[in-house]
Structure formats: C-alpha cells, structure tokens
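J.: The sequence isn't on hand, but the structure is:
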C-alpha cells in the first residue's frame, strides 16, 4: 500500500490543517483506492509563535499602548485624515490615473461649436513641465518627462477638464505625476522611495507649475478617491493590527524559523517515514515542499520513491544560495528520488526545478485560473493536481 505523507505549508494551523489534509486525502483516494494518507502537521510543534504575547508589535498611529493592550487602544485617524491620505496614495500607486478616471466619470459636457477644449492649454503645460519644474535629486529622480507626456496624451484628460476647475485639474495632475514616477520606482524595486512629506511637497510643486494655487486646491475628487480606495478598511485594519498580525505572522515566521531552526522539523519527518511501509511519497505544499526536499537531500530515505511539490520555493532557495541542505551549483544527490514539481503560472511563489536539475525534476503547470495570492492556495481544489500526482504514484 502506497503511503502519501502530506506536508503543509506556511501559516497553516488547526483546525485549518485537518480540513486541508482531509481535502487532499479525498482528492487522491477518489482517483486511486488503497492509498494511505499520512498527514505531517509540523505547524503545531515547530511553527512560529509570538512567544511574548505580541510585545514586538508597535502601536497603531495615534495609539500609546503596547502588546496585548494594543487592540483596545482608541485610534481616531479621521481627526487628521492621515489614514484616508495614505489609502488615497496607495490607490494612486496602483493606478496613477485613478483620480482622473473618477473625475471623468460624470457624463461628458457638450461643447458649443468653435469652443476651444479647456484641456489644450493644460496639455501644453504638461508638455513643457519637465523643463520648467526642478525636481531635486532624491525626490523623484528620472521619469517626470515621460510621465508628463503620458498624462498629456491620456484619453480621459478632456472629460476631466470639463468636470473640474483648472485649479482642481492641476492639483490632480500633480498627484498623478508624482504617483506615476513613484509607482515606476516601486515596480523597479528601487531602494529609495521618497517619504510622505517629500512626496507631498513634490506633488504641490508640480500642481503649482500647472496652474494650481499653493495649498487649498485639493478637494472634491481626492476625498472621493480616499473613500473608493478603502479608507474605512484601512482604519479597521489599523484598529485590528494585533489580531491581523497574529493571523498572518506564521506565514513569514514559519519560513524564518525553519531556515534557522529546521533540523527538528526534518528529524520528525524522518522518524515519521521510518515507521511507514514502502513505498512512500512525500507531498509538500509551499514550505512543506522545502522541508521534504531538504530532508531527502540531507539523508537517504530508501522508502521514499517519489517527491511531489506544489507551489514550491525550493528551486529558488537553491539557486539563491538559501537552501539549507544544498548550495548551488552542487548537483542533486543521487539518492533523492524522482521529483514531480507542480506550479501554477500565476503563483508568484512557485518556481521551476527542471532547469536547475536537468533530468531529475519534472515541472508541470497546473492553472487554477486564480490570481495571486489565491493561486498559491488553490492547488488542492484543482482536479488536475490530483490527476498528475496519481499518474506518477508508485
């Protein structure tokens, strides 16, 4: 009887693990009878925990408490507008023209014959902006001229110009240009991004150069953007920071804990396998796949005839020199069994093993049709995953 040891990934705890293991068992046994599914729940004994009851958590903005009292500390972000401001900028980094689209949303104004479109003069100002406005090094760096040309040619600029005063349009454009350049820097993983005060000062300088009076032109559309961006959700998240951290911290903490203290996890897995009749298959999701791979590399386990990983970062850790058991370019030891590596093309935490270990790893794409991060958790509801696994079981 083939035994399949299922090894869960980061952040999984009870009662979620039992439900997950049950789903995996049902998916495999539905396609092949007689399998023995053996769950390996390492999260309970070896998973990350907040040992000091959350003493490391900083207070939310405007709060004074620490640790356990944080969740009950009052926080009133609307008094200063800080949270709404942050939420609005977050929306602009995701889409620098979000305000422009909101402004252009009302029905288009019918222009009389011979009327000069109000945006024409504004387009000219945008086209000349890069040579007229000095942006100090360290503010936004390069990219302003490109952003100004892009905004000047935006198809919604005319509708927004009809809906806003010239001053409002200039203020909107200042924020859009600033957000566009910062978003470009974020996409390029730039090591420096301007702080909020610098960002706001740059946005104002650009707005003034485009026709807005200093300060006071920011009204109407911006408040609508803040509401659309989910300021209420942001406020709730800050109020619940302790609860959110406790729910999310295992995902990162499990990885860090394993990379520094993973020997006990691997030892328990070896002991589990030693008590099973061969053939044995190790099936690991995410960090579970790393645990399985490391265990097999570190010490031969003759009973294990197949390694299956899904959404695994093992190949990336190996290539980046971070895999505890094997450093690139050392080859995969001969005693490691056949390796089936399943990855969702939309899962940003899934990597390929075949190019690193030619002839030793079979990479197969399984498309859940889910965006990331949902794609990283959708393997076990994807019938193709079970089909590919069962086809290769000993």
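T.: Structure received. The structure presented is a predicted model; accordingly, all values stated were derived computationally and were not measured.

J.: give me every residue that touches the closest residue to residue 379 other than its chain neighbours.
T.: Nearest residue to residue 379 in three dimensions, chain neighbours excluded: residue 310, at 4.5 Å (CB to CB, 6 or more residues apart in numbering). Backbone N, C-alpha and C define where each C-beta goes, glycine included. When contacts are counted by CB atoms under 8 Å, 6 or more residues apart in numbering, residue 310 touches 283-286, 289, 341-343, 350, 366, 379, 385.

J.: Kindly state the beta-bridge partners for residue 310.
T.: residue 285, residue 342 (DSSP bridges).

J.: where do the strands sit along the stretch 201-350 of the chain?
T.: Here the stretch 201-350 of the chain has its strands, by DSSP state E, counting those that start in this stretch, at 280-285, 304-310, 338-343.

J.: among those, which is nearest residue 124?
T.: Closest approach to residue 124 among those (CB to CB): strand 338-343, 50.1 Å.

J.: got the contact list for residue 31?
T.: Residues in contact with residue 31 (CB under 8 Å, 6+ apart) are 386-387, 390.

J.: 10 Å instead?
T.: Counting by CB atoms under 10 Å, 6 or more residues apart in numbering, residue 31 makes contact with 383, 386-387, 389-391, 393.

J.: Which of the three states applies to it?
T.: What DSSP: H, G, I helix; E, B strand; the rest coil gives for residue 31 is coil.

J.: any idea how far residue 293 is from it?
T.: Separation of residue 31 from residue 293 (CB to CB, to the nearest Å) stands at 24 Å.

J.: I'd say residue 37 and residue 4 touch.
T.: Yes: in this structure, residue 37 is within contact of residue 4 by CB atoms under 10 Å, at 5.3 Å.

J.: between the two, who's got more neighbours?
T.: Shown here are residue 37 and residue 4; by other CB atoms under 10 Å, residue 4 has more neighbours (25 against 19).

J.: ok, and the helix or strand in this protein with the lowest average confidence?
T.: helix 231-239 (a mean of 45; mean pLDDT, DSSP states H and E).

J.: just checking, what packs against the helix or strand harbouring residue 28?
T.: Using DSSP states H and E, residue 28 sits within helix 16-29. Packed against helix 16-29 by the contact rule (3 or more CB pairs under 10 Å, 6 or more residues apart in numbering; DSSP states H and E) you find strand 3-7, strand 36-40, helix 43-46, strand 280-285, helix 383-392.

J.: switch to 8 Å and redo it
T.: Packing partners of helix 16-29 (3 or more CB pairs under 8 Å, 6 or more residues apart in numbering; DSSP states H and E): strand 3-7, strand 36-40, helix 383-392.

J.: Put together JSON lines for the ones you listed, with mean pLDDT and distance to residue 302 on each row.
T.: Below are the helices and strands packed on helix 16-29 laid out as JSON lines (pLDDT from 0 to 100; distance: least, CB to CB, whole Å):
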{"stretch": "strand 3-7", "mean pLDDT": "98", "distance to residue 302": "14"}
{"stretch": "strand 36-40", "mean pLDDT": "98", "distance to residue 302": "17"}
{"stretch": "helix 383-392", "mean pLDDT": "97", "distance to residue 302": "18"}
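
J.: hmm, back to that, dump the strands of the stretch 201-350 of the chain to TSV, plus distance to residue 85.
T.: Listed next are the strands of the stretch 201-350 of the chain as TSV, based on distance: least, CB to CB, whole Å:
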stretch	distance to residue 85
strand 280-285	39
strand 304-310	41
strand 338-343	39
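
J.: Could you single out the most deeply buried of these?
T.: strand 280-285 (a mean of 26; mean count of other CB atoms under 10 Å).

J.: Contacts for it, please.
T.: 2-9, 24, 269, 273, 290-293, 295-296, 301, 303-312, 379-380, 389, 393-394.

J.: let's go with 7 Å and repeat that
T.: In this structure, residues lying in contact with strand 280-285 by CB atoms under 7 Å, 6 or more residues apart in numbering are 2-9, 273, 291-292, 303-312, 379, 389, 393-394.

J.: same thing with stretch 177-197?
T.: Stretch 177-197 is contacted from outside by 89, 92-93, 96, 139-141, 143-144, 147-148, 151, 199, 202-203, 206, using CB under 7 Å, 6+ apart.

J.: now, the most widely separated pair of those residues?
T.: So, those by CB to CB: farthest apart are 89 and 148, at 19.3 Å.

J.: For the stretch 151-300 of the chain, which segments are assigned as helices?
T.: 157-163, 166-187, 196-209, 221-228, 231-239, 241-261, 263-274, 287-298 (DSSP state H, counting those that start in this stretch).

J.: Could you list the low-pLDDT ranges of the stretch 1-150 of the chain?
T.: Within the stretch 1-150 of the chain, the ranges that satisfy pLDDT under 70 run 54, 57, 59-84, 106-118, 130-142.

J.: can you give me the helices in it?
T.: 16-29, 43-46, 82-94, 98-103, 119-132, 144-152.

J.: Comparing those, which comes out most buried?
T.: For those, the largest average neighbour count (mean count of other CB under 10 Å) is found in helix 98-103, namely a mean of 22.

J.: returning to what we had before: using TSV, lay out the strands of the stretch 201-350 of the chain together with distance to residue 212 and mean pLDDT.
T.: Below are the strands of the stretch 201-350 of the chain laid out as TSV (distance: least, CB to CB, whole Å; pLDDT from 0 to 100):
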stretch	distance to residue 212	mean pLDDT
strand 280-285	52	98
strand 304-310	53	98
strand 338-343	49	98
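
J.: Quick one: closest of those to residue 173.
T.: strand 338-343 (42.2 Å).
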